[in-house]
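A.B. asks: Any chance you can model this:
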Amino acid sequence: KGGEYDGLEVVAKRALDWEGRANADYDLSTRQMEDRVQHFADLGTMAQEGAQLSVKYLEVEAYMNDLVMAARPRAAAPYLGMVMLNGSRWLVWEFAGKDTLEDVLVRCDDAGSLKPLAEALWYKDYDETDPTCFHKVVNLLARNLVACVVMMAEAGVAHRDVKPLNMLCVDGRLMMIDFGSAASMGIKG
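C.D. replies: A predicted model of the protein is given here:
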């Protein structure tokens with residue numbers, strides 16, 4: 001989800017609520033919410049376990065974002081923090097860009113050309129007729145990918161889900177997103 005906060009364009013992700021629903025009812029009184037929470041706690045269902053897992057998953061993702069922002073902020077989308085809103089935990093990032101590497105590669109496939117990738121990585125001299133340009137664009141992509149992974153390692157984080165969908169193309173470089181599967185390596189750069 002996206003939006004604006006204090007003049008800043010932001011993107012947010014939230015955990016499932018305590019009933020495992022993606023869309024909570026925000027019009028409950030405090031007493032009604034307490035009653036529903038207690039009722040749900042008494043049930044001991046798999047949905048409760050799923051909601052608890054969702055919250056833990058979000059907490060891990062928040063911690064990994066904190067590690068990266070503290071040590072190597074250029075490696076990832078600008079993380080602003082975790083907030084509680086209407087009983088739900090939200091992770092919030094500054095909007096860095098909408099194009100994932102997957103989006104760019106799909107455009108390459110549609111065009112039958114690496115020109116969209118060259119443009120996303122700010123390779124200005126791309127020429128379809130020059131066979132060396134293909135190698136230069138692929139090498140530029142590889143350097144960007146390796147730079148991201150190295151910065152993550154320097155921050156003490158193993159992403160564990162590196163794929164085109166989890167990389168943004170921003171200002172001619174790659175940034176990692178989605179740290180839900182990440183793990184701390186126990187070191188800080």
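A.B. asks: So residue 126, which state does it fall into?
C.D. replies: Under the three-state scheme (DSSP: H, G, I helix; E, B strand; the rest coil), residue 126 adopts coil.
A.B. asks: That one and residue 141, how far apart?
C.D. replies: According to CB to CB, to the nearest Å, residue 126 and residue 141 sit 12 Å apart. For glycine as for every other residue, the C-beta is placed from the backbone atoms N, C-alpha and C.
A.B. asks: between the two, who's got more neighbours?
C.D. replies: Neighbours around residue 126 and residue 141, counted as other CB atoms under 10 Å, are more numerous at residue 141. The numbers are 22 against 19.
A.B. asks: Please pull up the helix or strand immediately following the helix or strand hosting the more buried one.
C.D. replies: When secondary structure is defined by DSSP states H and E, residue 141 falls within helix 131-154. The element immediately downstream of helix 131-154 (helix or strand, assigned by DSSP H and E) is strand 157-158.
A.B. asks: what's that next one packed up against?
C.D. replies: Contacts of strand 157-158 with other secondary structure elements, assessed using 3 or more CB pairs under 8 Å, 6 or more residues apart in numbering; DSSP states H and E, are made with helix 46-71, strand 183-184.
A.B. asks: Averaged pLDDT, the last one. What do you get?
C.D. replies: The average pLDDT within strand 183-184 is 91.
A.B. asks: picking up where we left off before, so for the helix holding residue 141, what gets flagged as buried?
C.D. replies: Taking 16 or more other CB atoms under 10 Å as the neighbour-count basis, helix 131-154 is seen to contain the buried residues 133, 136-137, 140-141, 144-145, 148-149, 151-153.
A.B. asks: out of these, who's nearest residue 114?
C.D. replies: Proximity to residue 114 was ranked across these by CB to CB; first place goes to residue 137, at 4.9 Å.
A.B. asks: returning to that earlier point: out of the helices and strands packed on strand 157-158, name the one with the poorest average pLDDT.
C.D. replies: Here the lowest mean pLDDT among those goes to helix 46-71, at a mean of 78.
A.B. asks: Understood, closing this out.
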